[in-house]
Structures are given as C-alpha cells and as structure tokens.
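Novice: Test case, fold it:
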Amino acid sequence: MFAVIHIANFSLQAALRHDPEARRQAVALLDAGQSKPLIVECTRAARAAGVAADLTASQALARCPSLKIATRSAAQEDSATEILLQTAYAFSPNLEATGPGICTVELKGLGLAKPAAVQAWSEKILEALATLGLEGNIGIGPTPDLALLAAQGAGAAADSKAAVPASPQLEFPESAGLAPGEPPAGDRVAWAEKDFVADLPVAALAPPADMADVLARWGVRTVGEFLALGKTAVAERLGAAALALFERVSPTAVRPLKLVSPPDQFAEEMEFENEIETTEPLLLWLRKFVDELSRRLDAIYLVVAQLRLSMGLASGAKYERVFKIPSPTGDRGTLYRMLQTHLETLRTDSPIVSLRLAATPAPPEMHQFGLFQNTLRNPNQFAETFTRLAALVGPENVGTPVREPSHRPDAFRLEPPNFEFVPAREVQAGSAEGLQFRRFRPPLPAQFEFCKDQPARLASRMFAGKIAAARGPFLSSGNWWDDSRWAREEWDVELADGPLLRLFRSPDGCFVEGVYD
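Specialist: This next block holds a predicted model:
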C-alpha cells in the first residue's frame, strides 16, 4: 500500500507560505521566467473572479481589478520541497520525490494494520504541513499511480468544497498488510478503492494530445469507458502510449520507488517586493523564519547548532554572517535575540532586497555537571551577554586573552571566546609551585633611588620605603627591527617592612609591576 502527499498549486503555495491572509484573497502567480510572462496558478477567490491560467497580468487585472500579482520564486519552491520531504521523512523512511509538490510514501513496515490507523497517520502529516504553511492532500492506494490519482482527486474535491466519493467496502491486496474495512471519511484524505478509477475523467490520466482528441471523438469521457474498450484493442489502434495508461490504473502494476533522503539543509528565504531600509520589518521576517525552522527541526527531534544569515542588497552586494550556537538549542527566543542583537548595530551601504536564514541541525546535547564544578551552566546566555558587550565597547575590546609569541611581559591579544562546554578540571591543593604574582594593570608609576646601580628606595602611591634586598637587573628587549621596539630592566625587591615587589624601568619611566603573595 502506498500514500501520496500532493500539494495542489504547489508554486502558488510556496510563494504565499509566509502570508496566510493572502491565501483567502484573489492572488495570481506570474511566471516571469517565460519569454511572455503568463499566469500559471491562482487562488480560489481569483478563479471565482474569472482569472485563469495562461492569461497575461493585464488580462487578469481586467477581470479582477483587486487581484494581487505574485512572482514565481525558484528559491521558495526549493524551500517548500525541503519541507515536504523532511516532514514526510519524520513519518516514514521510504519516500520518493515524485514531482513538484508530490511525495510518494510506502506504508510497508509502519505497523498500520487498519484503515483507521492509516487515516490517523495521514491526518498527522497534513497537520504538520499545515503548521509550516502548506495545505496538502493524501491519496491511499495499492499502487503509487492510483494513490497519486486519489490525492489529486481529493485536492480537486476539497478545492470545489465537494465531498470525496466513498466506497461502501474497500478491498486491499493481502500484501498491503491492511485489513479490509471502510476508512473514516476525510476531506483531505482519499482512498483509491475498487470502483475509484471508473468515474475518473480521462483527462486525469494526462493522455497525449492526439490520443485525447481521438478518445473525445469516440465519445470516451471516463476511465471506466476507456478500460471497457479492452487493452488489446486499444493498443492496436493507439499504440504503446495506450498501454502506459492501462498500467497507471492497474491495481497490480506496482513500480519500485526511487527512494531519496531528505536534504540536510534547513533554510527559509524571501525576496521582498519593496526594499527594506529599517530594522523592524527585517526582524519581523526573521522571527517568522526562526519559528518555522524550529518547528521543522522539532519534527525530527533536532536543534539548531549554527545559523547563517544572508541578505541581498540593492547594490548587488551580499551580506553574510554565521552565528555559531554555543550550546545547540531549539529555543526560539534565544535564537531570535542572537539575530536581533547583531542587527541592532548593523549598517549596510544600500537597502535590503532579499533575506535568507539557514540552520545547521544537530542532536540536542545533555551535560552531566559535577557537584563542585565551576563552569558555564548556560553558554547561550553568556554568548548573548558577550555580543551585547561587543556592541557597546567594540568587538576588538572583548574576548579571551591569548599570549603572543613574544618575551615582552603581558603581551597578549583578544580572541573570540570558546563557548563550548568543557568539563572543569580538578585542581589539587598545593599543586602550584612558587610564589603567586599579582600584576597591576596598569602598572603603578613610581620613583626609584639607586645605589651602585641597584634600587635602594621606592616611592609610589601604594608602596614606599627602603629596599632591604634586590635581585637584578634582568634585562629584556625585542622588536628592535621596527618602530614597536621595547626594552626594560626588572628587579625583584623586598621592602624593609616586608612586601615582595617587582619593579621595572623602561623608556616610559619607572613602575611597580606587581606584588608576590
């Protein structure tokens, strides 16, 4: 047994997925990629006003002055295809990307023994798609082709608000694993039952134009009338194409599925009709994107490990920024605040015309914290605080200090901190060797009195007095080959009243560098 998920008016639904209100309005989709742009799909309200496919935009507006024209977007259709496959994969690993907006699923091995269970399973899929802005139909049948015909029939019936014909008794092949019985009625789920194909119009089989013309002249209007002609007789008169149509409606012609895996990419994209120059509308779209990406990942039990923000500018340039999530999460508030904090200080040279947000998935992390461990309990909150500090004082003034490969004391640079969880190391008491040195930043200005090239007395705002003992000088220098050269003399001294200090002299003067504990 097979199930086919069918998204009617797929291109139009992909274009209106982020605008639920527009689905109830008169909207037509224009394919601007054609040499002569024509309407390809339209909403029910637009069809009621006389708009149809293959009209130009001006012809459609003449029939419906309030009509809204949307432009077909390949990027949005790709995103909708990703959603369809990823949602279906959450319910079955055996799936095929049959066509645009069409996904075929094999029910074998899913433990769906009764039609009622299949009905409930189908409704869960449709509910999951609806939360992501796609309205679908599902057809159930013994072959993929019959299931597709049932799904298309369900879409046509639901679109016209007509009931799907039901059969009093369903008969499934034993290999399907389903017990005979009548499934519950549903507007969006249709079953290819025993008498299903007899009432279908011949046009549902999409015969070639010349064959359709011949059948029309013969007075053959339904598939039942077509089958009544006989397979051999029709093949003799209409050729191999007629045999292919017979195979489509045969309950025993089961073709193997071309199994696919859903893409690992999770992205939302939007091309704006009007240029965006302020932060507010941009943040509104980003909130929608974060919500939809979180729902898509929740369905397959994953969280966000990284976000990639891409914005197309009116000047033709492109802005990109990667946000690595310190601790992968699905919390929408945390993800949104990370983007909001960055955009509050962002300035672009031209307005924004397109927006794309991609998420890299990861399994949720679980950490076991020790009772006496001192580590980050919420790395995401710390990262958010760090980003706000960087916005206030500048990114070059915050970070983790890293020593530079130089003999110059206190030479370091700031690098972005590592927010990843690292278990705290246990430090045993008494493991440190030697005296501990506390450095003053900045060093304390001081005055030295020398006796035989050794400091004999110290005067500063914190320490003053006679020097009882001194070791040094320790000479060091570097960068003599450029303008950043440096040189200094150091002494370790003990004052008469007890403190142990480090003093140094450089071209900038004399200083107290720190105190030994």
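Novice: Phi and psi next, for the spatially closest residue to M338 that is not a sequence neighbour.
Specialist: Nearest residue to M338 in three dimensions, chain neighbours excluded: F323, at 5.5 Å (CB to CB, 6 or more residues apart in numbering). Placement of C-beta: from N, CA and C, glycine included. Main-chain dihedrals, F323, degrees, to the nearest 10: phi -110, psi 110.
Novice: What separation do you get for F323 and L389?
Specialist: In this view, F323 and L389 are 16 Å apart by CB to CB, to the nearest Å.
Novice: R217: which element?
Specialist: helix 209-218 (DSSP states H and E).
Novice: what do you get for T334?
Specialist: Counting by DSSP H and E, the element that carries T334 is helix 332-343.
Novice: and what of V40?
Specialist: Going by DSSP H and E, V40 is in strand 38-42.
Novice: Show the average pLDDT along that strand.
Specialist: On average, the pLDDT along strand 38-42 is 91.
Novice: And stretch 469-477, what's buried?
Specialist: Buried residues in stretch 469-477, counted by 16 or more other CB atoms under 10 Å: 470, 472-473.
Novice: returning to what we had before: F323 and L389: which has the busier surroundings?
Specialist: Comparing F323 with L389 by other CB atoms under 10 Å, the one with more neighbours is F323, at 19 against 14.
Novice: low-confidence ranges in the stretch 351-500 of the chain?
Specialist: Judged by pLDDT under 70, the stretch 351-500 of the chain has its weakly predicted residues at 365-382, 384, 417-433.
Novice: Show me which residues of stretch 73-91 are buried.
Specialist: For stretch 73-91, the neighbour count (16+ other CB under 10 Å) marks 73, 76-77, 79-91 as buried.
Novice: and what of stretch 322-330?
Specialist: For stretch 322-330, burial by neighbour count (16+ other CB under 10 Å) applies to 323, 325-330.
Novice: repeat for stretch 206-224
Specialist: For stretch 206-224, burial by neighbour count (16+ other CB under 10 Å) applies to 207, 211, 215, 220, 222-223.
Novice: Closest to R63 out of these?
Specialist: Of all the buried residues of stretch 206-224, R63 sits closest to P207, with 30.3 Å by CB to CB.
Novice: so R471 makes contact with W491?
Specialist: Yes - using CB atoms under 8 Å, R471 is in contact with W491, at 6.6 Å.
Novice: can you list residues touching both of the two?
Specialist: With contacts taken as CB atoms under 8 Å, 6 or more residues apart in numbering, R471 and W491 have no neighbour in common.
Novice: And what about Y319, helix, strand or coil?
Specialist: Here Y319 is recorded as strand under DSSP: H, G, I helix; E, B strand; the rest coil.
Novice: Skipping adjacent residues, who's closest to it in space?
Specialist: Nearest in space to Y319, with sequence neighbours left out and distances taken as CB to CB, 6+ apart, is M311 at 4.6 Å.
Novice: So for the helix or strand harbouring the one you found, what gets flagged as buried?
Specialist: For M311, the host element (DSSP H and E) is strand 303-313. Going by neighbour count (16+ other CB under 10 Å), the buried part of strand 303-313 is 303-305, 307, 309-313.
Novice: what about A190, which SS state?
Specialist: strand.
Novice: quick one, what contacts it?
Specialist: Going by CB under 8 Å, 6+ apart, A190 touches 137-140, 150-151, 153-154, 157, 164.
Novice: Please report which of those has the highest neighbour count.
Specialist: I140 leads the contacts of A190 on contacts (other CB under 10 Å) with 31 neighbours.
Novice: For that one, which non-adjacent residue is spatially closest?
Specialist: Per CB to CB, 6+ apart, closest to I140 is W191, 4.9 Å.
Novice: R388 reaches M338, doesn't it?
Specialist: No - using CB under 8 Å, R388 is not in contact with M338; the gap is 10.5 Å.
Novice: Quick one: the helices in the protein, in order.
Specialist: Taking DSSP state H, the helices of the chain run over residues 10-15, 44-48, 57-63, 74-89, 115-131, 144-159, 209-218, 223-228, 231-238, 240-248, 279-299, 332-343, 379-393.
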